[in-house]
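> Give me a 3D structure for the following:
(one chain, ligands or ions: 1)
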Amino acid sequence: MGHDTKLEELAIKLFSIDAVKMGEFTTKSGIKTPVYFDLRVIVSYPEVMEMISNLLQEYAIKDCAYDHVCGVPYTALPIATLLSVITKKSMLMRRKETKSYGTKKSIEGHYKAGQTCLIIEDVVTSGSSVLETVKDLRKEGLKVNKAVIILDREQGGSANLLNNDVEITSLFTMTSLIEILYKNRKITEEMMLKVKAYIKETQAVVLEPSVDRLLLPYEKRAELATNQIAKQLFNIMATKKTNLCLSVDLTSVTSILDLLEKVGEHICMVKTHVDIIEDFNKDFVTQLKQIADRFNFLILEDRKYADIGHTVSMQYMKGVYKVGEWADCVTAHSLPGDGVLKALNGHMNSVSRGVFLLAEMSSEGNLISPEYKDATVAMAVKYPDLITGFVCQNKDTFKDPGLIQLTPGVQLESSKDSLGQVYNTPEKVILENGADVIVVGRGIVAAKSPETQVVIYKDALWKCYTKRVSGKLE
Ligand code: S5P
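Purely as a prediction, here's the structure:
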C-alpha cells in the first residue's frame with residue numbers, strides 16, 4: 001500500500017471513531033468552527049495508534065537525524081512513546097508543572113546539552129503548545145528544530161513555528177483531510193467548502209518569536225535577519241568566533257590604522273567617530289576599507305544622526321566625510337521622528353547599508369524614558385530592510401531574533417569614568433542584559449598593549465556567548 005492509500009485509510013478511520021467531527025462547535029478560545037478534532041480518543045483504539053505511529057515513522061521521521069523524541073503533553077504522549085519504541089530512540093517527557101519537591105526538573109529522561117530532539121504533536125493550530133515544549137527543551141541546551149504533527153489546521157501554526165526556527169512535517173493538513181473525507185463520501189461538498197472558507201477566514205494570531213533570541217546561535221539568527229548588514233554581521237561573528245566591536249576613539253589616521261592592523265583578526269566590527277580625527281582624508285577611508293576587507297570586519301560610523309530628515313540626508317552623503325560612501329552602517333537617534341530613517345533609507349538603493357537605532361544609552365542621567373525606548377522599537381519595525389539592530393542596554397528592549405543588540409559601556413571590571421560613562425562586565429551585559437555585539441573602547445584602546453588586551457576581551461566575550469546559547473545560565 002502506498003502512503004496515500006494508507007493516509008486515506010487513516011482519515012476514514014479517524015472519522016469513524018469521532019476523532020474528526022463536522023457540525024457547529026465552539027473552540028476553547030470561543031471561536032465557532034465547522035470541524036472539530038479530538039485525537040484524545042485514539043487511546044481507545046490500538047489499531048489507530050499503530051497506524052498513526054507507523055505512518056509518522058515512514059512518512060515524516062525516517063530520514064531525520066535526532067537523539068530523542070518528545071511528545072507535547074498530553075495527547076501526543078502515547079504516540080511519542082510508540083515512536084520511541086519503533087525507532088529505538090530515547091524519549092524525553094516534559095512536565096507541564098514543575099515539581100515543587102526533589103529535582104524541580106521540567107524535562108525527564110537522560111540527555112546532554114547539544115543533543116537533538118524531535119517534537120511529536122497531534123494537532124497544530126497556532127503552534128503555541130509546541131513552542132512551550134520547544135522552549136523548555138532549548139533551556140536545557142537541547143537542539144530542537146523539527147516537529148512531526150498528525151494534523152496541521154493550516155491556521156498560521158507552521159509559519160509561527162518557522163518563525164521560531166521549528167520546521168513541521170504533518171501527515172494531514174485540514175484541507176487534505178477533508179478532501180479525503182469528501183472523496184470517500186463521508187462529508188458533503190457543501191461541508192468541504194464550508195471548512196475551506198473557515199480556514200481562510202480564521203487565521204491564528206502571529207505569535208511573536210518566543211524563541212529567546214538569546215538562546216539562538218548567531219548563524220541561525222543570520223537566516224532570520226531582514227537587513228543585509230545584520231545578516232553579514234551575524235555570519236562574521238559565527239565564522240570568526242568574535243562578538244567584539246572595537247570603538248577606535250583615536251584622533252589620528254595612523255594610530256587608527258596601525259591599531260586595526262594589530263587587532264583586525266579579533267573583531268567583528270570597528271566603530272568610528274570620524275569627526276574626531278584631526279588629519280582625516282580620503283586615503284584614510286580607502287585604507288580602512290582595505291583592512292576591513294582583509295580581516296573580514298564591518299565598519300560602523302557612530303554619527304548618531306539626530307536632525308530632520310533633509311539635513312540627515314546631506315550629513316550622510318555630503319561634506320568632508322561622505323559617510324554613506326564607506327560605512328556599512330551608522331547609528332541614529334529616533335528623537336526627530338522617522339524622517340531620519342526615511343532619509344537614510346533613500347540612499348539604500350544600490351548598496352547594502354544598515355542603521356543601529358539608539359533605544360537606550362549607557363551614560364548616567366540620560367533622558368531616555370521607557371516610553372521613548374518602546375516608541376523607538378516600534379518605529380524600527382516599519383523599516384525591516386534598513387534596521388540592523390538597536391544600541392541598548394537591556395534584553396527586554398526587543399524580541400526579534402533577526403535584529404542585533406549592540407551594547408557599549410563594557411570593561412572587564414564594573415566602573416565609571418569621570419564624565420558619566422557606566423561600565424558593566426562581559427558576564428553582566430551578555431548573560432543578564434542580552435548584548436549580541438559588544439562595544440569596547442578604552443578598555444582596549446587605552447591599554448598598554450591593545451593587541452594583548454583585545455584577545456583577553458574577545459575570549460571573555462565569546463565564552464559568555466557560548467554559555468548563553470547553551471542555555472545553562474545557572
Ligand atoms: O549609549 C552609548 C552609545 C554609544 S554608541 N554609550 C556609548 O558609550 N556609546 C559609544 O561607545 C561612545 O560614543 C564611545 O565611542 C563608545 C564607548 O567607548 P568606551 O571607551 O567608553 O568603551
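
> alpha carbons only for contacts and neighbour counts from here, please
Will do.

> quick one, domains of this protein?
The record assigns the chain these domain ranges, following automatic domain parsing: 3-201, 213-470.

> Could you dump the ones you listed into CSV with mean pLDDT added?
Conversion of the domains of the chain to CSV gives the following (pLDDT from 0 to 100):
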stretch, mean pLDDT
domain 3-201, 90
domain 213-470, 96
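
> Out of these, flag the one nearest the ligand.
Ranking the domains of the chain by their distance to the ligand (criterion: Cα to the nearest ligand atom) puts domain 213-470 first, at 3.1 Å.

> longest helix of this structure?
As assigned by DSSP state H, the longest helix anywhere in the chain is helix 450-470.

> which residues are in contact with it?
Contacts made with helix 450-470 from outside it, assessed by Cα atoms under 8 Å, 6 or more residues apart in numbering, are listed as 113-114, 139-141, 214-217, 241-244, 259, 262-263, 266-267, 412, 426-427, 430-431, 436, 438, 444, 447, 473.

> repeat that for 7 Å
When contacts are taken as Cα atoms under 7 Å, 6 or more residues apart in numbering, the neighbours of helix 450-470 outside the stretch itself are 113, 141, 214-217, 241-244, 262-263, 266, 426-427, 430-431, 444, 447, 473.

> And stretch 353-368, by the same measure?
For stretch 353-368, contacts defined as Cα under 7 Å, 6+ apart pick out 227, 229, 328-334, 373, 376, 386-393, 408-409, 420-422.

> Apply 6 Å and report the result again.
Residues outside stretch 353-368 that contact it (Cα atoms under 6 Å, 6 or more residues apart in numbering): 229, 328-333, 373, 376, 386-392, 409, 420-422.

> thinking again about what came up before, make TSV from the domains of the chain and add mean neighbour count to it.
Formatted as TSV, the domains of the chain follow (neighbours: other Cα atoms under 10 Å):
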stretch	mean neighbour count
domain 3-201	17
domain 213-470	19
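
> possible to save those as CSV with distance to the ligand?
Written out in CSV, the entries for the domains of the chain read as follows (distance: least, Cα to the nearest ligand atom, whole Å):
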stretch, distance to the ligand
domain 3-201, 30
domain 213-470, 3
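
> Tell me where the stretch 51-200 of the chain has strands.
Under the criterion DSSP state E, counting those that start in this stretch, the stretch 51-200 of the chain contains strands at 68-71, 90-94, 107-108, 116-124, 143-152, 167-173.

> And for the stretch 351-474 of the chain?
Taking DSSP E, counting those that start in this stretch, the strands of the stretch 351-474 of the chain run over residues 354-358, 387-391, 404-407, 415-416, 422-423, 437-440.

> could you dump those strands to CSV with distance to residue 310?
Putting these into CSV (distance: least, Cα to Cα, whole Å) gives the following:
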stretch, distance to residue 310
strand 354-358, 17
strand 387-391, 19
strand 404-407, 27
strand 415-416, 37
strand 422-423, 34
strand 437-440, 29
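
> Specify the stretch among those that is closest to residue 160.
strand 404-407 (20.7 Å; Cα to Cα).

> Each with direction, which strands does that closest one pair with?
Here strand 404-407 is paired, per DSSP bridges, with strand 387-391 (parallel), strand 437-440 (parallel).

> want to throw those into a markdown table with distance to residue 464?
As requested, the strands paired with strand 404-407 are exported to a markdown table (distance: least, Cα to Cα, whole Å):
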| stretch | distance to residue 464 |
| --- | --- |
| strand 387-391 | 19 |
| strand 437-440 | 11 |
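
> what about those strands, which gets the closest to residue 351?
Where the strands paired with strand 404-407 are weighed against each other on Cα to Cα, the nearest is strand 387-391, at 14.2 Å.

> How far away from the center of its chain is the closest one?
14 Å (Cα atoms, centre = their mean, to the nearest Å).

> Also stretch 397-404?
The mean C-alpha position of stretch 397-404 is separated from the chain mean by 7 Å, Cα atoms, centre = their mean.

> Pull the residues that contact it.
Counting by Cα under 6 Å, 6+ apart, stretch 397-404 makes contact with 213, 221, 224-225, 388-389, all of which sit outside it.

> Of the residues you listed, which is the nearest to residue 70?
Lowest distance from residue 70 to the contacts of stretch 397-404 (Cα to Cα) belongs to residue 213, with 22.5 Å.

> nearest spatial neighbour of that closest one, skipping sequence neighbours?
Distance criterion Cα to Cα, 6 or more residues apart in numbering; nearest residue to residue 213, sequence neighbours excluded, is residue 401 at 4.4 Å.

> So the one you found versus residue 435, what's the distance?
Distance, residue 401 to residue 435, by Cα to Cα, to the nearest Å: 12 Å.

> Is it correct that residue 155 is in contact with residue 203?
Yes: in terms of Cα atoms under 6 Å, residue 155 counts as a neighbour of residue 203; the distance is 4.5 Å.

> overlap in contacts of these two?
Here residue 155 and residue 203 share no contacting residue, scored by Cα under 6 Å, 6+ apart.

> How far off centre is stretch 404-411?
Chain-centre distance of stretch 404-411: 19 Å, with Cα atoms, centre = their mean.

> Quick check: the two most widely separated of the contacts of stretch 397-404?
Between any two of the contacts of stretch 397-404, the greatest separation by Cα to Cα is 14.5 Å, found for 213 and 388.

> contacting residues for residue 86?
Residue 86 sits next to no residue when contact means Cα under 6 Å, 6+ apart.

> Residue 9 - that's part of a helix, no?
Yes: assessed by DSSP: H, G, I helix; E, B strand; the rest coil, residue 9 belongs to a helix.

> contacting residues around it?
Going by Cα under 6 Å, 6+ apart, residue 9 touches no other residue.

> distance of it from residue 122?
18 Å.

> before we move on, the earlier item: in helices, which of the contacts of helix 450-470 fall?
Checked against DSSP H, the contacts of helix 450-470 include these in helices: 262-263, 426-427, 444.

> Of those residues, which pair is most distant in space?
For the ones in helices among the contacts of helix 450-470, with distances taken as Cα to Cα, the pair at the greatest spread is 262 and 427 (25.6 Å).

> So what does the spatially most central residue of the chain look like in phi/psi?
Of all residues in the chain, the one closest to the mean position by Cα atoms, centre = their mean is residue 401, 2.7 Å from it. Per-residue torsions, residue 401: phi -70, psi -10 (degrees, to the nearest 10).
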